[in-house]
Structures are given as structure tokens and as C-alpha cells.
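>>> heads up, no residue letters with this:
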Ligand SMILES: Nc1ccn([C@@H]2O[C@H](COP(=O)(O)O)[C@@H](O)[C@H]2O)c(=O)n1
Ligand SMILES: [Zn+2]
Ligand SMILES: [Zn+2]
């Protein structure tokens, strides 16, 4: 284990059910390859995961079974290990490649910036060779300027031990926020392409595996499911998804299931399938019935030792230990433990109500954003700042706030822009539209909003559905699952209690529950120099990531401003991350 990782806590665990074919799945790791240094439940690092995958593979092989390792993207942005190097990602790329990943795909975060997608094309894709799949992503090759697939569209292979013939695809949801050096084809169009139609017409297939940075319950995955089922009614399909940062398991039909494995290296998803036909079977009818099983493994050594049946001596591999050492050295080189201040209390993204003094957003609205406005204000002009809640990625724990915490909370490079002299009333309406609460609108206007503001709907989609699904994926607050008297005598630790299409017994660790609360799409702060709470006009300041949504919302409330032409930089060269860090350095002394 990495030297500073906290010890995992001993808790009641549910076992894994192994099958002919078994999978380990990560998604939305967002740079957290050092694990969670402040949360023992998720304290294993990528080196421990390398050991775990090796030991699980050995276990599978000893029984003639197969094990495949999957990652479905958003590997970047969200942790000091990725975001604090210059250029970003130079340490993590070497660490990531140490895991043997059999199938991986791109997330939206790999495509927001030109540099990031080029690094993906020039480093990550070659590092993982034909295992990286990009069924619906093209990139402008930085060396030739030609538009080419980011990676192979699909692959076909046969598993080593069971001889299971697999055709696999790798999709990204219908993402539109990518930089213009990449092209994301909507999934619903890709599935009509000749190459896809040919690939699914292969008859020597025992299993289709669809991996993707795509939520499980979406039109995108439904369209892939329908296309395959239109050709093969019987061949099993296994989906792996991500993007919503939740644990989830979906049943498409009795022979098709999907697994999503959370976020930030909190979860290692485990999936097994039994009863598959194989290239080796004489009859095409397998001896055992088709069975799918899922488990969400808490990412800690206690779980890893339990599931491998090993102990602290026998579990780590030399390779795994070396990877942990590499992580440690990278963290030291990046000075990630440097302390910038000390948080007086915990501040939560979703674990506190909003507004509330324990909400990170209330802290931003009442403390940080007003100071930003005061520093950058134009004379005596009142100003209103709007920030999307998605810009904040994780909680702040009471105690030292480090270089690592800075990027864990706010990894993005977005700065602020503003437009002058906006009628205050219109600015307020913009906030309502962004938060999908346009109380000023009639029902038919609200319907029109839903139909016309496509991209705005997507902002709402990504934020709202995250909150919704996060709520849906957990049993109601206060409910504790205690399935046996032994378990009820054990002191449980708080964590996920996932409710999915198979019930509430998917988590390996039996947790006590945590409450999660919905937050709006956007928060805002007003400062009015003469103390008036209802100014006539304001300088409307906004984080630049939401510019296109601001422009759409402005149109909708009849505000005649061209945000792309008429806006100016607010506080030049200060990113939101700089603003937060500057405030903490000034106000949170240790
Ligand atoms: N520069 C950026 C990039 C993204 N966001 C926020 O992240 C959300 C997407 O993150 P996932 O991990 O769920 O893919 C996006 O909807 C934004 O809220 C941002 O604020 N700035
Ligand atoms: Zn993500
Ligand atoms: Zn994503």
C-alpha cells in the first residue's frame, strides 16, 4: 500500500460469485490513482489494484475461468496527481499503463481540451494498443492533420481459458462539449454505419461486450441493445457504463445486463457470467443456464484480501508494490501534501442540504464569490456571479487543505467573464432558466424551453440526472440494511447502499447509510456596493464553462446580448481554482 494510506476498517462483506467469464471494472477515476488518503473505505491505490487484478486473474486461471479488466473513461481531471503537473497528466500516464486493461474507452473529460485528446491519441491509445476502442470518436491527427478514428472501432477476440468468442465496442454518449479537434458521432447514427452492422452480423460470437462512457439507462445504450437484438435474439450482451458517477446495474432483457462502477476509485465493479456457449463447446447449448452476477467492491485492502483469500504478506505483487512506490514518488515530486490552510469544518457537495452552513455551495456563495466580486468589481457597479455546481467535484474535509485538495475540489482551468450593465431582473431570470425553474414562464413557454433549448437541456441533464440517479442508487436515508443477526451486531461504517435492478445486495461492504441531497445546476452571489438588495443593473459575471448556456438562457429571457461578442474577461488570468485557493490561503490559517 502507499505509505500514507489509512488502514482499511474491518466490516461485514458479501462474497463474489465467480462465473466462466469474470470482469473487473473501473470508471470515472478522474486521476484518483493514489486512492482516498482521507477515507479508509477507498484507500487502495492503483498499485493495490494492479496486485488485486493479478491475484484475481491467478484465481480465475487456477479454475480454468477467464478474467477481463475494463475501464470506461474520465481517467483525467479531478485530482492533484493528474491536474497539478505541467503539462497536466505527465505522471499519471505512466502509472495508469501499469495495469493490464483488456478493454478501455474515452470519457468526455478526455475530449474537452485539444491537448488532452491529443495526449490520449499519442500516448494512452498506443500504451494500450488494440484494447482501446473508440466506436464513435474521430480526432484530427496532430501529425498529419487528417481526421482518423481515435482508436479501433471494435475488436474481436477469444478468451484464453474458456474460449469465449467476444465482439466488443467502445462508445461515448452523445457528447457535444468537445473541442473541435475531435468529432463525436451520435451513437444512434454510429449503429447504422456499415462497419457496425457487419460486426453485429458475425455469427461466431458467444458474447457482445459494449463498454462506454455512457449511463446505462440512456437512449444511446438502448439503441445499441435494439440493433444487436434485431439481429441476434439469443446472444448475451454485457454493457459497462459510466459518466453519472454512480453504482448501477441495469437489466435490458434476461440475456443482457449493464454495470456502472461509481467514481473516483471508490469502487471496483465485479461482474461474472456463467452459461455462455464457447468456441470450444461441441453443442451450442451450454450445460449451465445463463447467469449474470454483479458486485460493487469498496476500493480498500480489506476487501481485496477477503476476495482473493490472501493475507497482507501473500497479497501484494512486486509489480503492484512498485506501482504504489511510483505513485508515492509522483506525489512527492508534485508536492501534493503541501498544506495551504486548514478547513475549520467539513463542507459537502451532496452530503449536506443546500443551502446550509455545511454545504460547500453555501460557503462559495456567502464567502468566496463575494470576495471575488469585490476584488474585480468595476467602480461602484453591483455585480452578480454565476457558477455551475458541477465545477466543484468533491467535498472538503476538516483539517489540512493541501495542494492535492485544491485540484480534488476544483480541477478545471475555467476563469470568469462578464457582461456590463445587465438589467438585474433579466439576470435573475437567467439563473431561473439555468436551474430549470422559470417560474415567470407559462406552462407552454416552459414546454417550449424543453423543446428548443437542446444544449441547455444537456447541462440540466448532466447535473440533474447525476443528482437524481445518485439519489435513486441509494436506499432512502436512515435505512440500514442488516441481513443477518451477526451483521446487525457488527458496527457498520457509512457508505453506499446501492439499489439497482437486482435489489439492494450489490455492495460487497454492508454499510450504514449516508444521505445525499440534490443541488441546483447553478449557484450565484450578488454584491451591491451601495447596499441595495435590488439593483437596477448588474455586471453579470459567469464562469466561462457555461458561456454557451448563458447565451441560450439570455435568448430565452429576451435579453439582447451576444455573450460571445460582448463579454470581457473578469479578473484576467484568475481561474476559479486560483480564486478558491487564494481565499483559503487568506482565511483558513492552520
Ligand atoms: N471544464 C469543465 C468541465 C466539466 N465541468 C463539469 O463537469 C461535468 C461533467 O463531468 P463528468 O465527470 O460527469 O463527465 C459537466 O457537466 C460540468 O458540470 C465543468 O464544470 N468544467
Ligand atoms: Zn466523470
Ligand atoms: Zn463523464
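Sure, I can see it. This structure is a prediction, so every number in the text was calculated from the model and none was measured. Numbers count the residues shown, from 1 in each chain. Ligands and ions are numbered 1, 2, ... in the order given.
>>> burial check on the residue of the chain found nearest ligand 1, number of neighbours?
Scanning the chain for the residue nearest ligand 1 gives residue 390, at 1.9 Å (criterion: CB to the nearest ligand atom). For every residue, glycine as well, the C-beta is placed using N, CA and C. Other residues near residue 390 number 17, with proximity taken as other CB atoms under 10 Å.
>>> how about residue 303?
By other CB under 10 Å, the residues close to residue 303 number 21.
>>> residues from the chain in reach of ligand 2?
Applying CB under 5 Å from the ion, one finds that the chain approaches ligand 2 through 28, 74.
>>> contact residues of the chain facing ligand 3?
Residues of the chain lying near ligand 3 (CB under 5 Å from the ion): 74, 107-108, 243.
>>> pLDDT added to those residues, as TSV?
Converted to TSV, the residues of the chain next to ligand 3 look like this (pLDDT from 0 to 100):
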residue	pLDDT
74	98
107	98
108	97
243	95
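>>> out of these, who's near ligand 1?
Restricting the residues of the chain next to ligand 3 to those near ligand 1 by CB under 6 Å from any ligand atom leaves 74, 108, 243.
>>> before we move on, the earlier item: the residues of the chain next to ligand 3, buried ones only, as a ChimeraX selection?
Buried members of these, defined by 16 or more other CB atoms under 10 Å, are picked up in ChimeraX with:
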select :74,107,108,243
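>>> pick the one among the residues of the chain next to ligand 3 closest to residue 571.
Relative to residue 571, the closest of the residues of the chain next to ligand 3 is residue 108; by CB to CB it sits at 27.3 Å.
>>> nearest residue to that closest one in space, please, no chain neighbours.
residue 175 (4.6 Å; CB to CB, 6 or more residues apart in numbering).
>>> follow-up on the earlier one: and the residue of the chain closest to ligand 1, how far from residue 176?
Counting by CB to CB, to the nearest Å, the gap from residue 390 to residue 176 is 15 Å.
>>> surely residue 25 is in contact with residue 269?
Yes - Residue 25 lies in contact with residue 269 (CB atoms under 8 Å); the separation is 3.6 Å.
>>> list residues touching both of these two?
Common contacts of residue 25 and residue 269 (CB atoms under 8 Å, 6 or more residues apart in numbering): 240, 259, 261.
>>> those residues in helices, which ones?
Among those, no residue falls in helices (DSSP state H).
>>> how far away is whichever residue of the stretch 201-350 of the chain sits closest to ligand 3 from residue 106?
In the stretch 201-350 of the chain, the residue that lies nearest ligand 3 is residue 243 (3.9 Å; CB to the ion). Computed with CB to CB, the distance linking residue 243 and residue 106 is 11 Å.
>>> same thing with residue 321?
From residue 321 to residue 106 the distance is 30 Å (CB to CB).
>>> which of the two has more residues huddled nearby?
Using other CB under 10 Å, the more surrounded residue of residue 321 and residue 106 is residue 106, with 35 against 16.
>>> interface residues of the chain facing ligand 1?
When proximity is defined as CB under 6 Å from any ligand atom, the chain approaches ligand 1 at 28, 74, 108-109, 112, 243, 245, 388, 390-391, 412, 414, 462-463, 545.
>>> which among these count as buried?
Listed as buried from the residues of the chain next to ligand 1 are 28, 74, 108-109, 112, 243, 245, 388, 390-391, 412, 414, 462-463, 545; burial here means 16+ other CB under 10 Å.
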